[in-house]
Every structure is written in structure tokens, then in C-alpha cells.
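A.B. asks: Predicted model follows, preceded by the sequence.
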Amino acid sequence: MNNIRVLKFGGTSMGDENTWRKVLDIAAGYQQPVIVVSATSNTTRQLLAAGEEALNDLDKALETSQNIRSRHEVLIERFLDQFDSNTTGSRQQCQDWIEKKIDELEKHLHKINEQVEFSDQRKDAVASIGEQLSSGLLSICGKVYGLETTFIDARDIIKTDSDFGQANPDTERIDQQSRRIRAKVEKGEIPVLGGYYGENSDGQITTLGFEGSDYTASLVGAALDSEAIEIWTDVSGIFTCDPRLVEDAVSIPEISFREATEMAYFGARVLHPSTLKPAAEKRIPVYVRNIFEPDHPGTKIYATADSNGPVRALTFLENVIILTVNAPSTLMGYHFLSNVFATLERHHITVDVVTTTEASVSIAMERPDKLDLITRELEDIGEVTSTERQGLISLIGFGLSNVDAITSRVFSSIKGDPLSLISFSRDKRNLNLILPENHLVETVRSIHHSLFTKEFSTKP
Ligand code: ADP
Ligand code: MG
């Protein structure tokens, strides 16, 4: 056992000189912190935009790249201006790092323009520059602040397969490589590494997918057998529903790994869906906390969690589509179903909700990019109808003692007659509702109100 805590700071935490200061204030309060950072806010989006622009307008792409450069230069200037000590050397180090990374970016932009191709492999290399910039710069700035921060290139730690855009970690190699982090911690240093990216066995940069920095923190935390992983963000924990949409949502003190994973999977943007797997396997608690309210305990995610209400949380997802496939009379039910699912499997489609009759199956999923192709393939199996612009609402973690009371509250708070599909599992303690997107927000608020705001008896 050790006192290592992996602290992950997201895009908003890396936003400006004030939040950088908060990040370092927080790290300074720990005995053996390891810092994982995202890119500064908006940078990943800008990097990918530059890559797309380079396909047909190199000048525009280079302009975007210069904008990324100057945003980082301004941030560093302002950060270092807060210190009275002589920061000339650190300014130069930061400047050199920015120069180096922007240079790499522009080489990619020229290549994209020459080849008129922005491959998945190159996308990962370009996208990772945001985290390379932020981690390198924060490690320099941390020293000026007075901490023994030291840069570690995530490529040396996060070894993955070659599934660009959503690479899968090689946990055995990550375990081995993490010794480098441990060695630094034992010397009293504070390693700083960029989240989201890693490297395949050919030495090419890969990324772990959207919100992948959370995943990096969890992989590193598990590899180091850390005592905890802390995801620092701009809200005080995981809320009963997205606080941006539902004003009376409240922070959940404790939630299980399984429930939090379900939340991420069913649309709660607060965590990467794979984040909790490495932590859960090693039973390392994960906390979600707020850099703007550092005294708030936030949410503890662990194997078991005390329940304090009828339902743990409510999540929602937009841009859902329902495909209904009707079986031809010539095909037996089980062949029909297996053909439908084989088609989805070929396209790596994850299905959110399924209902079947003996002669049809309705499948709800986030609208896939290759919808036309998938629809055509399903048409070879049976007649297909699609219903677009649907929303999915999921109730996570039902209290088992009062399922009837909860469901009756839920259904009486849905106004009109909008439901398209429903699935419920008592075992999984989860209820999914699909309804047209234009009813989504109003229904989410109304269900949330009926379950979390009104007094709710937990007695059956
Ligand atoms: P970071 O940049 O730190 O990774 P994110 O934007 O990825 O931050 O995640 C934090 C945001 O997640 C919050 O600002 C909030 O709007 C959103 N969010 C969505 N659902 C929830 C929820 N159930 N609880 C807390 N935050 C949520
Ligand atoms: Mg995030």
C-alpha cells in the first residue's frame, strides 16, 4: 500500500491561469500525487478542425494552428506573471515546448494537404498534441509554483492496440511501464502526464476515445495500486441528473462502480464509460470533485454504495434512432433475430434498448454514422422502418423495495402519450424510456422532480 493518489484535471480545469493555479493548489495538498491532465479547453476540437481544414485550405489550417499557439502563449504569460521570482528560464522552456509541438502540428497539416487525406492514424497524432502541450507546460509551471513536478510522456506509459480513435489499453505493459512513475513518486517528485493518448506497439500515437483522460487516470491509478483516483472537474460530483439541464439536481454522496458505469454509458457526460473498469477490478475508490469547491467531498464511487433514495440517478441521451425490422414469414424467429444482431455486430453498434415480438424486433441506438449502409443490410433480412429524433431516458439504480411506487411516479409524470419504447429490468435495477426528442427535456425534469424533489416514502 502507498499514498499515491492519481488526480485528473479536465478541460475546464485547464482553462486559464487561475484554474492552473487551483490545480497546483489542490496537488500541493497531497503526499504523493500523480497528475493527469486534459488539453486546455477547446484545444482538441481546434486541432481536429485544423486537420479537416488542411484537406482543402492549408492557410486556414495554419491560421488555426497559430491561434492554438497564441492561446497557450497568453495562458503561460499570465500564469507566470503571478510570480515575483525570476521566471525567464521557465518562460523560455515553455516557449520552446510550444514551438516544438506547433511545429509537429504544422508538419501534419502540410502532409494532410499534400495527400488530401486525414487518416484515423493521423487524427490521433494531431488530437494528442493538446494533451502533450498542456502536460508539458503544467510540469514547467508547477516548478515555478514550488512543486517538484516532472513531465512524463503518456506514450511511455499508456501502451495500446492499433484501434485508432478508440484504442484498447494493454494493461500488462501499462503495469510494467508505470514503474517509471512510481520511481519518480518515490523520489518525492510529482509526475504530470497527458491523458487521452498513448502509443501502439509500432510507436504510433493512439487515443482512448472521447473523454479518454478519465480512462488514463484510472489505468494509471490501477497500475500503481494507488489509494484513490480523483477526477477533478467543474461540478461537485456526479449529480442525480445533469445539473446544466435540471436545476434541482443534487450531488450523489456514494454510487457503485456499476451504477456510475451505467450512467456514463446511458449519456451522463461526466465520465468516460470505460473509466471505472480498471479501478473496479482493483477496488480502488474513484472520487469526482470540483476545483471550484475543493472542500466539497464530491461523489465516492466504490464497489458498494449506501442508498439514500428511491433511484440513484437519471440520465438522458439525444439523437437516438429506433429501427424496427419485421421478419418475413419464411424465417424462423431465432434465425431472424441472430441475423439482425449479426448485422449490428459487424458494424460495432451498441444497442441501448431492444424489444421483440415473434415477428419483429425494435432496436434503439445512438444514430450511427453508417445508418444508410446498416439499413440496407437489414433490409436484406426483413422490412425496416426507422423512427428518428428520439431521446432515451434511463433511471439508474432503483431501490428494490419500492419498484411499484417508483414506476407509478415515473409514468404519472410523463405528460401526453409520447412513449415509443420501454425496457425494464428488476434485476439490473434499471428502466429505459424512449420518446420523441422534443419531449425529452420536459420529461426528464418532470420525472426528476417527482423522484428527487417531492418527498418520497422509501417504505413499500
Ligand atoms: P471535464 O472537462 O472536467 O472532463 P466534463 O465536461 O467532461 O468535464 O464533465 C463535467 C460536466 O458533465 C458537468 O459540467 C456537467 O454539465 C456534465 N454532466 C452531465 N451529467 C452529469 C451528472 N449526472 N452529474 C454531473 N455532471 C454531469
Ligand atoms: Mg470529461
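C.D. replies: Alright, I've got the coordinates. Ligands and ions are numbered 1, 2, ... in the order given.
A.B. asks: got the residues of the chain near ligand 2?
C.D. replies: Gly10, Glu211 (CB under 5 Å from the ion). Placement of C-beta: from N, CA and C, glycine included.
A.B. asks: Walk me through the domains of the chain.
C.D. replies: 4-233, 313-453 (automatic domain parsing).
A.B. asks: between the ones you listed, which gets nearest to ligand 1?
C.D. replies: Nearest to ligand 1 among the domains of the chain is domain 4-233; the distance by CB to the nearest ligand atom comes to 2.0 Å.
A.B. asks: what about the closest one, start to end distance?
C.D. replies: Domain 4-233 has an end-to-end distance of 20 Å (criterion: CA to CA, to the nearest Å).
A.B. asks: OK, contacts around Glu318?
C.D. replies: Gly391, Glu437, Leu440 (CB atoms under 8 Å, 6 or more residues apart in numbering).
A.B. asks: Show me those residues that map onto helices.
C.D. replies: Residues of the contacts of Glu318 located in helices (DSSP state H): Leu440.
A.B. asks: Closest one of the contacts of Glu318 to Glu379?
C.D. replies: Glu437 (24.8 Å; CB to CB).
A.B. asks: I figured that closest one hits Gly391, correct?
C.D. replies: Yes - the pair Glu437 / Gly391 is scored as a contact, 4.6 Å apart, by CB atoms under 8 Å.
A.B. asks: So which of the two has more stuff around it?
C.D. replies: More crowded of Glu437 and Gly391, by other CB atoms under 10 Å: Gly391, with 24 against 16.
A.B. asks: What pLDDT is listed against Pro460?
C.D. replies: Here, the pLDDT recorded for Pro460 equals 39.
A.B. asks: so when I look at Asp84, I'm seeing a helix, right?
C.D. replies: No - counting by DSSP: H, G, I helix; E, B strand; the rest coil, Asp84 is not part of a helix but coil.
A.B. asks: I'd like to know how far it sits from Val144.
C.D. replies: As defined by CB to CB, to the nearest Å, Asp84 lies at a distance of 11 Å from Val144.
A.B. asks: do Glu230 as well
C.D. replies: Counting by CB to CB - Glu230 and Val144 are separated by 23 Å.
A.B. asks: Over to Ser134?
C.D. replies: With distances taken as CB to CB, Ser134 is found 16 Å from Val144.
A.B. asks: next one: Val340
C.D. replies: Taking CB to CB, one finds Val340 at 59 Å from Val144.
A.B. asks: And Asp124, by the same measure?
C.D. replies: On the measure of CB to CB, Asp124 and Val144 end up 31 Å apart.
A.B. asks: Mind putting the domains of the chain into TSV with mean pLDDT and distance to Tyr287?
C.D. replies: Formatted as TSV, the domains of the chain follow (pLDDT from 0 to 100; distance: least, CB to CB, whole Å):
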stretch	mean pLDDT	distance to Tyr287
domain 4-233	97	5
domain 313-453	91	16
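A.B. asks: Go through those and pick out the most buried.
C.D. replies: domain 4-233 (a mean of 20; mean count of other CB atoms under 10 Å).
A.B. asks: With ligand 1 in mind, check whether that one reaches it.
C.D. replies: Yes - residues of domain 4-233 contacting ligand 1 under CB under 6 Å from any ligand atom: Gly10, Gly11, Thr12, Ser13, Ser38, Glu211, Thr233.
A.B. asks: With distance to Ala279 as added columns, please give those in JSON lines.
C.D. replies: Listed next are the residues of domain 4-233 next to ligand 1 as JSON lines, based on distance: CB to CB, whole Å:
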{"residue": "Gly10", "distance to Ala279": "17"}
{"residue": "Gly11", "distance to Ala279": "21"}
{"residue": "Thr12", "distance to Ala279": "22"}
{"residue": "Ser13", "distance to Ala279": "20"}
{"residue": "Ser38", "distance to Ala279": "18"}
{"residue": "Glu211", "distance to Ala279": "15"}
{"residue": "Thr233", "distance to Ala279": "16"}
